[in-house]
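>>> with the sequence up front, the predicted model follows.
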Amino acid sequence: MAIAIADVNQMSYEEFLDSFGNIIQAAKWMTSSLWSFRPYSSTIEIHRCVCKMLDTLPLEVKEGLLRGLPDLAGREARENKLGFECKKEQRAAGLLRDLPETKQVLINNFNARYRAKFNFPFVLCARENKMESILNGFRNRIGNSREEEVEIGIGEIKKICWYRLCDIVSSPTMPEYVSKL
C-alpha cells in the first residue's frame, strides 16, 4: 500500500529507514541522509534529492555504490539471495524464470567480462528492459571507458530508484519526468 507524501514527512527516522532503506540497493546511508531533507512536496522532489546526492559523489564513491549491486541473473539470484525489490525487478525482466541454460551461460560470461573490465557489475534498470535489450546492453557497453560506465551505471540507479519510490509513495504518474531520467 502506497504512503501519502504527508505521511512520509511525519515518519520517524526509523520508520523512514524501514520504508525507504532499499530505494538504492545496499545504500541505507543515502536513505539516512534523505530523512534530513524532509519535508518533501512530492515523489519527484525526493527523487531529485537522491539524484543530486548521487551526482555530487566522488568517482570512487560512485564506483563503491555500483560494487554493492548484484549481477543480473548472477550468483545471488541463483542462490535466492536477492532482496525483495531486486528479485521482483529481475523476474519481470525475464532473468529469473526458467532461464534457458544457453542464456544463463551467456549472461554469466557477460557478467564476468564486464566485472573483470570495470570491477563492478553491469547495472541496468531491469524494469525498462527484457532479455534481448539486456544482452544488447552488455554488448554495446563493454567497449565504454570506466568513467562512462560509472556515469551510465549511476543513471541506471536513478531510474531504479524512481520506480522503487513510486512503489512506496502514492503520487500521480509523471510520464514527462520519467522520460527525462
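Nice, thanks for sending it over.
>>> going forward, measure contacts and count neighbours with C-alpha atoms only.
Will do.
>>> hey, where'd the helices end up in the protein?
For the chain, helices defined by DSSP state H occupy the ranges 5-10, 13-20, 28-36, 43-56, 59-67, 75-78, 84-92, 101-118, 131-141, 146-168, 175-178.
>>> isn't I5 right up against L165?
No - using Cα atoms under 8 Å, I5 is not in contact with L165; the gap is 11.0 Å.
>>> so what sits against both of those two?
Residues touching both I5 and L165 by Cα atoms under 8 Å, 6 or more residues apart in numbering: T43.
>>> please identify which of these two sits among more neighbours.
L165 (22 against 18; other Cα atoms under 10 Å).
>>> how close does the more buried one get to V150?
Distance, L165 to V150, using Cα to Cα, to the nearest Å: 22 Å.
>>> what of A2?
Taking Cα to Cα, one finds A2 at 32 Å from V150.
>>> neighbour count: the two, which is higher?
A count of neighbours by other Cα under 10 Å puts V150 above the other of A2 and V150, at 23 against 11.
>>> contacts only, for the more buried one.
Under the criterion of Cα under 8 Å, 6+ apart, the neighbours of V150 are L59, K62, E63, L66.
>>> now, of those, which are buried?
Buried residues within the contacts of V150, counting neighbours by 16 or more other Cα atoms under 10 Å: K62, E63, L66.
>>> reformat these as a markdown table; add pLDDT.
Converted to a markdown table, the buried ones among the contacts of V150 look like this (pLDDT from 0 to 100):
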| residue | pLDDT |
| --- | --- |
| K62 | 97 |
| E63 | 97 |
| L66 | 97 |
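>>> ok, C166 - contacts?
Counting by Cα under 8 Å, 6+ apart, the residues that C166 touches are T43.
>>> and it, what's its pLDDT?
Here, the pLDDT recorded for C166 equals 91.
>>> got it, and L181?
pLDDT, L181: 65.
>>> same question for M1.
pLDDT, M1: 75.
>>> in contact with E79, which residues?
So E79 contacts nothing (Cα under 8 Å, 6+ apart).
>>> what of D71?
N111, P121, F122, V123.
>>> need phi/psi at the third one.
Main-chain dihedrals, F122, degrees, to the nearest 10: phi -70, psi 120.
>>> and it, how many neighbours?
Neighbour count for F122, taken as other Cα under 10 Å: 28.
>>> would you confirm that it contacts A73?
No - with contacts counted by Cα under 8 Å, F122 stays clear of A73, the gap being 10.9 Å.
>>> picking that back up, from the helices of the chain, which stretch is densest packed?
helix 146-168 (a mean of 19; mean count of other Cα atoms under 10 Å).
>>> could I have that one exported to PDB, CA atoms only?
Output in PDB follows, covering the C-alpha atoms of helix 146-168 (Å, rounded to 0.1, in the frame of the first residue of the first chain):
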ATOM      1  CA  ARG A 146      35.400   3.100 -16.900                       C
ATOM      2  CA  GLU A 147      34.300   6.700 -16.400                       C
ATOM      3  CA  GLU A 148      31.500   6.400 -19.000                       C
ATOM      4  CA  GLU A 149      30.200   3.200 -17.300                       C
ATOM      5  CA  VAL A 150      30.300   4.800 -13.800                       C
ATOM      6  CA  GLU A 151      28.000   7.600 -15.100                       C
ATOM      7  CA  ILE A 152      25.800   5.200 -17.100                       C
ATOM      8  CA  GLY A 153      25.500   2.900 -14.000                       C
ATOM      9  CA  ILE A 154      24.600   5.900 -11.800                       C
ATOM     10  CA  GLY A 155      22.000   6.900 -14.300                       C
ATOM     11  CA  GLU A 156      20.500   3.400 -14.200                       C
ATOM     12  CA  ILE A 157      20.500   3.600 -10.400                       C
ATOM     13  CA  LYS A 158      18.500   6.800 -10.600                       C
ATOM     14  CA  LYS A 159      15.900   5.000 -12.800                       C
ATOM     15  CA  ILE A 160      15.700   2.000 -10.400                       C
ATOM     16  CA  CYS A 161      15.300   4.400  -7.500                       C
ATOM     17  CA  TRP A 162      12.500   6.300  -9.300                       C
ATOM     18  CA  TYR A 163      10.500   3.100  -9.800                       C
ATOM     19  CA  ARG A 164      11.100   2.000  -6.200                       C
ATOM     20  CA  LEU A 165      10.000   5.300  -4.900                       C
ATOM     21  CA  CYS A 166       6.800   5.100  -7.000                       C
ATOM     22  CA  ASP A 167       6.100   1.700  -5.400                       C
ATOM     23  CA  ILE A 168       6.300   3.300  -1.900                       C
END
